[in-house]
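Q: Sequence first, then the predicted structure:
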Number of protein chains: 2
Amino acid sequence: MVAARNDSPPTAEGLLLERFLPYRLNMLGTTVSQSFARLCARRFNIALPEWRVVALLGQRGRLTSKAIGTRCAMHKTMVSRAVGELERRRLVEREANPADKREVFVALSAAGEAIYAEIIPLASAYSERLTAGLSDEDRAVLDRLIRQLHDRARQIAPPDPQA
Amino acid sequence: MVAARNDSPPTAEGLLLERFLPYRLNMLGTTVSQSFARLCARRFNIALPEWRVVALLGQRGRLTSKAIGTRCAMHKTMVSRAVGELERRRLVEREANPADKREVFVALSAAGEAIYAEIIPLASAYSERLTAGLSDEDRAVLDRLIRQLHDRARQIAPPDPQA
DNA sequence: TATTGTTATACTCTATAACTATA
DNA sequence: TATAGTTATAGAGTATAACAATA
């Protein structure tokens, strides 16, 4: 156990880097994300952007690239590359929307559905292990705090309003 | 308001990306970190790695590059570049350790101390705004959960054990 | 004119490898 | 041999700008 690590109060200067919430949230987010990314890489040889697209398509069925980007907060360039890579590996199929040929529908192939079926238990198990020590109330508070802090951060310094 | 966004329960498939904790923690960490980074860039024209080094040296006094890396979880190449940039801007000074000339002590210059004195209120104010809506109990739970989840994530898939 | 999507390019942060100079 | 630190290079992930095709 390393329980005593962060228990010291702030110094007279008013701030300790290791107790600074933005720093800690950033460390937590990257640590969790990278540890999950390692599992995905080992088991499926798949990177996180591709993982997100597979997870999304598995839930939602076919979607346009734009809808993928909106739903998992990925830039359209990243979506384009992730979908391209998944298509190269025959995990998704693309089909132009006849009603608007600018759009392309993306959907899991049979092989993609098979990967999805493996991905879900892996992700669920990871999430379960991650939160194994938490009470029901802990989970409820965590759920609420993530949303509150996320909204707050965007209020304080929104991502380049008029760029 | 977008309050209803995350309130739906998991589907029959067992997972919704936007309710998947690793995904949410990653989004939260990057959103908070980037919003704080924007403030630092606007006010001090300083990037996050440099900010971390200044904050650390302001607290701890002079440190070797290795100690900086250990204390704020930065790779030695990143420390080297951040310290180099800060030295170029005359915010830190370097001095070889006479007792072991491989090591270099890094310390804030007078100008660096001045920046540090401005950085602390900015950071404190940011943290205050970020957590403005939280009760004392919320804060205590958040503090504990960050540590628990961080430790858990590293237990589940440690960063390349034998690389 | 505006929008979907692709490509080229660049920037940030992270990481590996090769190197130096010490020890 | 091993360590502190630098540099070159490469890899994610994110972003802007220019573009083609379509509306």
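A: Received the coordinates, thanks.
Q: tell me the contacts of the spatially closest residue to residue A:34 that is not a sequence neighbour?
A: Once flanking residues are discounted, residue A:34 sits nearest to residue B:159: 7.1 Å by Cβ to Cβ, 6 or more residues apart in numbering or on different chains. Bear in mind the C-beta positions are built from the backbone N, C-alpha and C, glycine included. By Cβ atoms under 8 Å, 6 or more residues apart in numbering or on different chains, the residues touching residue B:159 are A:34-35, A:38.
Q: before we move on, what about residue A:78?
A: Listed by Cβ under 8 Å, 6+ apart, the contact partners of residue A:78 are A:49, A:69.
Q: mind checking pLDDT for it?
A: For residue A:78, the pLDDT comes out at 97.
Q: Over to residue A:158?
A: Note for residue A:158: predicted pLDDT of 72.
Q: if I look at it, how far off is residue A:27?
A: Per Cβ to Cβ, to the nearest Å, residue A:158 is found 23 Å from residue A:27.
Q: Pick out whichever of the two has more residues nearby.
A: Set side by side, residue A:158 and residue A:27 show more neighbours around residue A:27, with 17 against 10, by other Cβ atoms under 10 Å in any protein chain shown.
Q: how about the more buried one, what does it touch?
A: B:29, B:73, B:150.
Q: how much space between the residue nearest to residue A:34 and DNA strand C?
A: Distance, residue B:159 to DNA strand C, by Cβ to the nearest atom of the strand, to the nearest Å: 6 Å.
Q: pretty sure residue A:55 is in contact with residue A:117, am I right?
A: No. The pair residue A:55 and residue A:117 fails to qualify as a contact (Cβ atoms under 8 Å) at a distance of 11.6 Å.
Q: Tell me which of those two has more neighbours.
A: Taking other Cβ under 10 Å, residue A:55 and residue A:117 do not tie; residue A:55 has more neighbours (22 against 11).
Q: Neighbours of residue A:66, how many?
A: 13.
Q: er, residue A:146 I mean
A: Other residues close to residue A:146 by other Cβ under 10 Å number 19.
Q: Quick check: closest non-adjacent residue to the residue positioned nearest the centre of chain A.
A: By Cα atoms, centre = their mean, the mean C-alpha position of chain A lies nearest to residue A:52, the distance being 6.4 Å. Closest residue in space to residue A:52, ignoring its immediate chain neighbours: residue A:72 at 4.6 Å, by Cβ to Cβ, 6+ apart.
Q: For the one you found, give me the pLDDT.
A: For residue A:72, the model assigns a pLDDT of 91.
Q: one step back: helix, strand or coil: sort out the residue nearest to residue A:34 for me.
A: coil (DSSP: H, G, I helix; E, B strand; the rest coil).
Q: Kindly report the same for residue A:74.
A: Assignment for residue A:74 (three-state DSSP): coil.
Q: Which positions within the strand or helix carrying residue A:38 qualify as buried?
A: Residue A:38 belongs to helix A:21-44 when assigned by DSSP states H and E. Within helix A:21-44, the residues that count as buried by 16 or more other Cβ atoms under 10 Å in any protein chain shown are A:21-37, A:39-40, A:44.
Q: what does the average pLDDT come to for that helix?
A: 94.
Q: what angle separates that helix from helix B:21-44?
A: 140 degrees (axes from the mean of the first three to the mean of the last three Cα atoms, to 10 degrees).
Q: Alpha carbons only: can I get helix A:21-44 in PDB?
A: Taking C-alpha atoms only, helix A:21-44 is exported to PDB below (Å, rounded to 0.1, in the frame of the first residue of the first chain):
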ATOM      1  CA  LEU A  21      -6.700  18.700  -9.100                       C
ATOM      2  CA  PRO A  22      -6.200  19.300 -12.800                       C
ATOM      3  CA  TYR A  23      -2.800  17.600 -12.600                       C
ATOM      4  CA  ARG A  24      -4.300  14.600 -10.700                       C
ATOM      5  CA  LEU A  25      -7.200  14.300 -13.100                       C
ATOM      6  CA  ASN A  26      -4.900  14.400 -16.100                       C
ATOM      7  CA  MET A  27      -2.700  11.700 -14.500                       C
ATOM      8  CA  LEU A  28      -5.700   9.500 -13.600                       C
ATOM      9  CA  GLY A  29      -7.200   9.800 -17.100                       C
ATOM     10  CA  THR A  30      -4.000   8.900 -18.900                       C
ATOM     11  CA  THR A  31      -3.100   6.100 -16.500                       C
ATOM     12  CA  VAL A  32      -6.500   4.500 -16.800                       C
ATOM     13  CA  SER A  33      -6.700   5.000 -20.500                       C
ATOM     14  CA  GLN A  34      -3.300   3.700 -21.200                       C
ATOM     15  CA  SER A  35      -3.700   0.700 -19.000                       C
ATOM     16  CA  PHE A  36      -6.900  -0.200 -20.900                       C
ATOM     17  CA  ALA A  37      -5.200   0.600 -24.200                       C
ATOM     18  CA  ARG A  38      -2.500  -2.000 -23.300                       C
ATOM     19  CA  LEU A  39      -5.100  -4.600 -22.800                       C
ATOM     20  CA  CYS A  40      -6.700  -3.800 -26.200                       C
ATOM     21  CA  ALA A  41      -3.400  -3.900 -27.900                       C
ATOM     22  CA  ARG A  42      -2.400  -7.200 -26.400                       C
ATOM     23  CA  ARG A  43      -5.700  -8.900 -27.100                       C
ATOM     24  CA  PHE A  44      -6.900  -7.400 -30.300                       C
END
